[in-house]
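In: Provided below for reference: sequence and predicted model.
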Amino acid sequence: MSTRYVRGIKRALTGAPDTPLVLLCNFEAEAQWARGHVGLPAPPANAARPLVAAMEELGVLLAGPDDTLVLSRPLDPGYRDYLADQGLVLPTVLVPENCLPGRSTTENALDSPVLLDQMRRRGAAGARLLPMGTTTHEQELARRCGLTLAVPDATVVERVNSKIYGRRLTEAAGLRPVPGACCETRQELADVLARYQLRLESGQPLVVKDAYGVSGKGLLVLENPTRAAQLLRMVDRRAARTGDDRIHVVVEEWLPKRCDLNYQVTIGRDGRAGLDFVKQALTAQGVHQGHLMPAELSAEQYRQIEHAAGEVAARLYADGYHGMVGVDAIVGADETLYPVLEINARLNMSTYQGGITELCQPPDTVALARHYPVRLAAPLEFAAVRRALDGVCAGRPAARVLVTCFATVNANALVPVGAGGPPEPFDGRLYALLVAPDRDRLADLDRAVRAAVTILSLAEESHD
């Protein structure tokens, strides 16, 4: 049976807790939405694409036994057996028969007649399509297969995922925003930077964010006036070259903070909304590293989050959106809560953790969801990961470690390298959920897992 969490999602999005879903975890959605918008002048960063695409495997944690998950590669057999051993009842996994490097899973699906026929049969039986975020590709796939989207169409979803939209919603709702401004032209950016000249001269940084940047990409920290002037010169050169002076960014003060937060709201088709959870987000240089559960908040701070969640949900629904919404927030060093730093009106990393925390995190325990970097000389078998982690919980009562994504470990090994000679070492990530009785023992467990994964990396490199 599905978890209470996924049954609640189905009830909100489809009206019934047992509606079968077809899931597509298209983590590249932001890149699609960004195509019609002008961001910071920087070359596109594609180096992490295979690894990011491989994160679609996280969908296996959310989907129930009556659901279908579409992946560009099948689950590793060893990892599939491991998940079953952990008590997860897995969905049906479908793989497009025509998969080409560099294409998204949705693009591969659109080019795979056998898969399309399988999805048509599911659509005829009442299944709904739930992408991580709707782009024109997922919209076309739904049309081709006769699948009703469980969430709004691409036009609505793209509009509400802009950081400019999110900041304006925050201000209109009367919520406390991080001090800053939205910019849609070169002149607006120049005016904002001029207003902040004294702040920059005093060494107080600003951060400039692309309207559709994600996880540290499309983010620039300006530490001084020189950096601000350099940015304007780059914007001017691009405008002269293209004849287009647009730039879609948000400029904000870089505030000292105690912690980052992430909370999720699910907005039903009928407009009813609920706050699903609040987590402490772990970040480094704007890049998401993981989540700590539960978050350390006072009763008043939690009340403010509840109020903000209701305001965000009501305004998104009025603008045509229903579905999951991940909201980033921060608690300042002075304990001031800024309840809306960014709105992600789509499925999020947190979304995929809901079912497994229900299954694996008992009451009055703490959990950490994070990834561990690995550097390998050759693809790693899951059996080696399982052996490395088997002993980690020994002697640690009530501790548990669950691998939540294995495909990302070897994803970059699939990137072609120059002909001849040994393969080049590559970087990967192992995603896991850790559970312990308290934060001290959770930190100890985290150190033990990190050590085990580090040994794995070194062992594989020694074969080179």
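Out: Nice, thanks for sending it over. Residues are numbered from 1 along each chain as shown.
In: since we're on D117, how many residues are nearby?
Out: Using other Cβ atoms under 10 Å, D117 is surrounded by 10 other residues. In short, each C-beta sits where N, CA and C put it, glycine included.
In: pLDDT at it, what is it?
Out: D117 is assigned 98 on the pLDDT scale.
In: next: the one 3 residues further on.
Out: We have a pLDDT of 97 for R120.
In: could you confirm it falls within a helix?
Out: Yes. Per DSSP: H, G, I helix; E, B strand; the rest coil, R120 lies within a helix segment.
In: show me the contacts for it.
Out: Counting by Cβ atoms under 8 Å, 6 or more residues apart in numbering, R120 makes contact with 145-146.
In: cool, M349 as well?
Out: Counted by Cβ under 8 Å, 6+ apart, M349 has contacts 58, 288, 291, 326, 369.
In: closest to L282 among those?
Out: Using Cβ to Cβ, H291 is the member of the contacts of M349 that lies nearest L282, at 6.7 Å.
In: okay, now that closest one: neighbour count?
Out: 24.
In: need the three-state assignment for it.
Out: strand.
In: list the buried ones in the worst-scoring helix or strand of the chain on mean pLDDT?
Out: Lowest mean confidence among the helices and strands of the chain (mean pLDDT, DSSP states H and E): strand 287-293, at a mean of 85. Residues of strand 287-293 classed as buried: 288, 290-293 (neighbour count, 16 or more other Cβ atoms under 10 Å).
In: can you put the residues you listed in TSV and add distance to V6?
Out: Listed next are the buried residues of strand 287-293 as TSV, based on distance: Cβ to Cβ, whole Å:
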residue	distance to V6
H288	22
G290	22
H291	18
L292	23
M293	18
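In: shaky segments in this structure?
Out: For the chain, the stretches with pLDDT under 70 are 1, 43-48, 215-216, 285-287, 414-423, 458-464.
In: how does it divide into domains?
Out: Using automatic domain parsing, the domain parsing of the chain gives 4-158, 179-253, 256-349, 363-461.
In: for stretch 382-391, buried residues please.
Out: For stretch 382-391, the buried set under the neighbour-count rule, 16+ other Cβ under 10 Å, comprises 382, 385-386, 388-389.
In: out of these, which sit inside helices?
Out: Taking DSSP state H, the ones among the buried residues of stretch 382-391 that sit in helices are 382, 385-386, 388-389.
In: and A42, how many neighbours?
Out: Counted with other Cβ under 10 Å, A42 comes out at 12.
In: for it, what are its contacts?
Out: Remark: with contacts taken as Cβ under 8 Å, 6+ apart, A42 is in contact with 218, 220.
In: remind me which helix or strand it belongs to.
Out: Using DSSP states H and E, A42 sits within no helix or strand.
In: and the helices in the stretch 351-464 of the chain?
Out: 382-390, 407-410, 439-461 (DSSP state H, counting those that start in this stretch).
In: CA atoms of the first one as CSV?
Out: Below are the C-alpha coordinates for helix 382-390, written out as CSV (Å, rounded to 0.1, in the frame of the first residue of the first chain):
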residue,chain,number,x,y,z
PHE,A,382,25.7,-1.4,-5.5
ALA,A,383,26.9,-4.5,-3.6
ALA,A,384,30.1,-2.6,-2.7
VAL,A,385,28.0,0.3,-1.3
ARG,A,386,25.8,-2.1,0.6
ARG,A,387,28.8,-3.8,2.2
ALA,A,388,30.4,-0.5,3.1
LEU,A,389,27.3,0.7,4.9
ASP,A,390,26.3,-2.6,6.5
